[in-house]
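In: Turn this into a model:
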Amino acid sequence: MDALTLLAVIQDLTRALTGASVRGVQPAGAHGLWIEFTTPAGEESLLVSAGDEFPRLSRAAGRPARAATLSALAQVARRVLPGASLQAVTHHGLDRVVSLEFGYPLPAGEAGCLLIAELFGRHPNLILVDRMTGQILEAARHDPAANGRSIEPEQPYRAPLASARPDPRLLGTVEAIGAVLAPPLAAGLSPGVALRQSLAGLTDAWAKEVVARAPAPHGAPELARALLDLIHEIETGPWTPHLLLDGAGRPVAASPVRLRHVPEAQQQPCPSLGEMLKRLASHLTRQQDVTRHQTMLRQLLRRLEVRLRSRRAKLAAESLEFGRADLSRRMGEVLMAHQDAVPRGATEVTLQDYAAGPGSTITIPLDPALSPAANAERFFKAARRGRRGTIRVEARLAETEAELGKVHAWAERVADASSLETLETIQKEIEVARRLLAPQDRAMLAVRSAPGRGRSKQAPADHRPPRKPGRPGRTGETGLEPRRFVSSDGLPILVGRNTRGNDYLTQHLAKSQDLWLHVQGHPGSHVVVRVPSRSNGVPRRTLIQAAQLAAYYSQARDHGKVAVDYTLRKYVRKPRKAKPGLVTISQEKTVIVTPDKTLVQKLAARDG
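Out: Have a look, this model is predicted:
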């Protein structure tokens with residue numbers, strides 16, 4: 001969502017929801033909240049989403065699907081927001097940062113909280129802040145920000161750096177804005193580039209719109225007046241929301257007003273701002289699913305191609321070897337014809353080869369322990385074996401070439417696919433060709449086919465070699481028993497010792513409400529935090545300690561910062577016929593930790 005569209009949405013929220021009382025809070029995906037309000041006109045709702053596909057604020061959004069678990073942000077928001085009223089919605093400059101200020105009825109005084117939506121960058125965020133102390137209560141993401149800000153509970157909230165370009169609303173007059181635009185225009189920049197590079201909040205599309213609305217000669221005063229008029233129209237309404245379409249008629253952006261520089265055929269009117277954003281979000285989410293599915297199939301097909309090319313090279317080498325069958329037969333025939341000319345105990349002999357022409361000879365390697373006839377029989381046997389092998393290898397080569405052609409055809413279709421339906425059709429065709437697929441390939445396809453596949457991730461199996469038979473594990477003959485620790489909060493933490501131990505821990509020891517962790521993108525141990533029934537979840541200190549154990553007992557141990565995924569055990573699934581230790585997960589969150597040997601040793605003192 002760009003800054004000017006966000007400006008219209010904020011004006012809409014301010015008019016409809018200021019003074020409204022929060023009735024309830026629901027999670028909206030992993031990084032969003034859906035807030036229900038009670039207003040004098042009836043019930044209202046607000047979606048605040050920091051999702052990767054399309055971060056946004058949207059009034060009157062539909063109720064999200066019921067979540068199986070609550071994110072940490074949703075848990076805290078449910079505790080502090082109901083009963084509070086929305087007192088103000090603040091747009092910070094023309095950056096994509098919005099604060100929703102909630103207060104409690106008297107006599108609470110200044111008590112309240114801020115819900116800050118940072119809707120920019122690769123990892124947008126929602127941050128709940130105590131209004132009196134300025135400390136973070138919880139956030140949708142705890143990833144370190146690019147400028148080194150700490151986004152952790154109980155830390156003071158620090159706003160992101162503001163744009164260095166001036167806000168045209170603060171400049172406020174044609175003269176002030178014209179003074180900013182005059183130097184770049186005098187330097188030869190086009191009007192659109194001068195607008196975009198000199199003022200905050202203007203994307204390429206909005207800069208083009210200002211130019212389209214400004215009268216000739218598109219000097220600084222004309223551009224400044226057109227920009228102020230456009231901002232006034234967006235701030236005050238009435239809005240005429242439109243989706244902007246690409247050449248194929250697909251939504252790619254949104255605008256709260258009809259744009260003059262975009263052809264009518266590429267603008268689709270919508271009944272409201274909320275409906276416009278809902279349609280765009282739906283399309284972008286679907287396109288994200290298409291991209292993810294394409295990426296998965298491309299990776300799979302690349303693996304298949306590499307495997308088939310390797311097989312073809314080996315078969316070609318075998319074909320060359322079996323191609324010596326005719327030479328072996330000739331050597332055997334020459335030996336049989338000149339048995340009397342072969343010295344006893346010779347390791348090789350050179351004999352006349354009449355079949356090759358007058359005066360031709362052939363040098364034949366011999367086994368000195370065998371007679372000439374026995375050596376000849378050895379060559380005849382090699383020739384028979386070579387002829388049989390040649391037939392087999394040629395058939396396998398033809399089969400491999402056909403399979404390579406099929407993989408290349410699938411790859412071309414995947415590259416051209418623009419819908420999930422097409423990609424799912426291709427996937428079904430690949431699944432039918434089971435001879436091409438290794439177990440890990442079938443596991444990857446099973447993840448995509450499973451319910452909730454859009455949010456599932458694959459935890460790599462621990463590929464360390466199993467213990468040799470007869471070599472006992474540290475706690476028993478099988479090595480299935482996990483390492484045992486106790487967190488600083490007194491909760492048991494179990495760590496798998498190897499692939500089979502990971503299976504035993506996850507599939508047999510862990511209970512559905514236990515917390516399950518695994519390092520992201522590297523082989524390593526499964527880690528389980530025992531969660532007592534009727535508890536309020538896992539304390540953050542225990543979560544961090546368990547994540548550090550997962551990072552330490554993984555192949556990412558020597559990395560500086562390690563991402564660790566965590567979810568409830570009930571969202572961990574083992575695909576059918578998957579290798580030991582290979583699972584898929586959903587409803588996961590991620591925490592970044594540093595493997596700490598000192599902490600591991602400290603907790604290991606309690607290892608049973």
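In: tell me the residue furthest from the middle of this protein?
Out: Using Cα atoms, centre = their mean, the residue of the chain lying farthest from its centre is Asp340. It sits 76.1 Å away.
In: who touches that residue in this structure?
Out: Counting by Cβ atoms under 8 Å, 6 or more residues apart in numbering, Asp340 touches no other residue. Every residue, glycine included, has its C-beta placed from N, CA and C.
In: Relative to Pro365, how far out is it?
Out: 19 Å (Cβ to Cβ, to the nearest Å).
In: just checking, Ile127 is part of a helix?
Out: No - counting by DSSP: H, G, I helix; E, B strand; the rest coil, Ile127 is not part of a helix but strand.
In: so what's the residue farthest from the centre of the chain scoring on pLDDT?
Out: Looking at Asp340, its pLDDT reads 86.
In: Look at Val252 and give its secondary structure.
Out: strand.
In: Tell me the confidence at it?
Out: Per-residue confidence (pLDDT) for Val252: 89.
In: My guess is it contacts Val262. True?
Out: No - in this structure, Val252 is not within contact of Val262 by Cβ atoms under 8 Å, at 10.9 Å.
In: Nearest spatial neighbour of Glu431, chain-adjacent residues omitted?
Out: The shortest distance from Glu431 to any non-neighbouring residue, by Cβ to Cβ, 6 or more residues apart in numbering, is to Leu445 (5.6 Å).
In: what do you get for Asp204?
Out: Nearest one to Asp204, counting by Cβ to Cβ, 6+ apart, is Arg196 at 6.2 Å.
In: buried residues in the helix or strand containing that neighbour?
Out: Using DSSP states H and E, Arg196 falls within helix 191-198. Neighbour-count burial for helix 191-198, counted by 16 or more other Cβ atoms under 10 Å, picks out 191-192, 194-196, 198.
In: Now do the same contact list for the residue nearest to Asp204.
Out: 202-204, 207.
In: Please check these and keep the buried ones.
Out: 202, 207.
In: Throw the contacts of Arg196 into TSV and include distance to Arg385, pLDDT and secondary structure, thanks.
Out: As requested, these are exported to TSV (distance: Cβ to Cβ, whole Å; pLDDT from 0 to 100; DSSP: H, G, I helix; E, B strand; the rest coil):
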residue	distance to Arg385	pLDDT	secondary structure
Leu202	77	90	coil
Thr203	72	90	coil
Asp204	70	92	helix
Ala207	76	92	helix
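In: biggest separation within the contacts of Arg196, which pair?
Out: The distance between the two most remote of the contacts of Arg196 (Cβ to Cβ) is 8.2 Å, for Leu202 and Asp204.
In: tell me which element the closest residue to Pro256 other than its chain neighbours is part of?
Out: In space, and not counting its chain neighbours, Pro256 is closest to Ala8: 3.6 Å by Cβ to Cβ, 6+ apart. Counting by DSSP H and E, the element that carries Ala8 is helix 3-17.
In: The stretch 1-150 of the chain: helices as residue ranges?
Out: Ranges of helices in the stretch 1-150 of the chain, per DSSP state H, counting those that start in this stretch, are 3-17, 72-80.
In: Let me fix that, I meant to ask about the stretch 201-350 of the chain.
Out: Here the stretch 201-350 of the chain has its helices, by DSSP H, counting those that start in this stretch, at 204-213, 220-236, 273-322, 325-337.
In: what helices or strands is the last one leaning on?
Out: When contacts are defined as 3 or more Cβ pairs under 8 Å, 6 or more residues apart in numbering; DSSP states H and E, helix 325-337 packs onto strand 348-352, strand 361-365, helix 372-416.
In: quick one: average confidence on the first one?
Out: Per-residue confidence for strand 348-352 averages out to 87 on the pLDDT scale.
In: and for Val252 and Val262, which residues touch both?
Out: Leu244.
In: more neighbours, the two?
Out: Val262 (18 against 15; other Cβ atoms under 10 Å).
In: which residues does that one contact?
Out: 205, 244.
In: ok so, going back, from the contacts of Arg196, pick the one nearest Ala510.
Out: Thr203 (48.2 Å).
In: Wait, the closest one touches Asp2, no?
Out: Yes - under the criterion of Cβ under 8 Å, Thr203 lies in contact with Asp2, with a separation of 5.0 Å.
In: center of the protein - which residue?
Out: Most central in the chain (Cα atoms, centre = their mean) works out to Arg292, at 7.6 Å.
In: Please determine how far that residue is located from Val447.
Out: If you measure Arg292 against Val447 using Cβ to Cβ, the figure is 11 Å.
In: go on, Gln299?
Out: 12 Å.
In: The two: which is more packed in?
Out: Using other Cβ under 10 Å as the criterion, Gln299 and Val447 rank with Val447 on top: 21 against 12.
In: Let me know the helix or strand that that one is in.
Out: Judged by DSSP H and E, Val447 forms part of helix 439-449.
In: go on, Arg541?
Out: helix 540-552.
In: That helix to helix 72-80, inter-axis angle?
Out: Per axes from the mean of the first three to the mean of the last three Cα atoms, to 10 degrees, the angle that helix 540-552 makes with helix 72-80 is 180 degrees.
In: Off-centre distance for the helix or strand just after helix 540-552?
Out: Downstream of helix 540-552, the first helix or strand assigned by DSSP H and E is strand 562-568. Mean-position distance between strand 562-568 and its chain equals 14 Å (Cα atoms, centre = their mean, to the nearest Å).
In: who's in contact with strand 562-568?
Out: 69, 457, 459, 512-522, 543, 546-547, 550-551, 554, 556, 585-595.
In: Restricted to strands, list those.
Out: The members of these that map onto strands under DSSP state E are 457, 459, 515-519, 585, 589-593.
In: Which of these ranks first by neighbour count?
Out: Going by other Cβ under 10 Å, His518 tops the ones in strands among the contacts of strand 562-568 with 31 neighbours.
In: sorry, back to before: quick one, which of the helices of the stretch 201-350 of the chain gets closest to Asp441.
Out: Closest to Asp441 of these, according to Cβ to Cβ: helix 273-322, at 5.9 Å.
In: That closest one - contacts with which helices or strands?
Out: Against helix 273-322 (3+ Cβ pairs under 8 Å, 6+ apart) you get helix 3-17, strand 56-59, strand 242-245, strand 251-255, helix 372-416, helix 420-432, helix 439-449.
In: just to revisit the earlier point, okay, the residue nearest to the centre of the chain and Thr285: tell me how far apart.
Out: As judged by Cβ to Cβ, Arg292 and Thr285 stand 11 Å apart.
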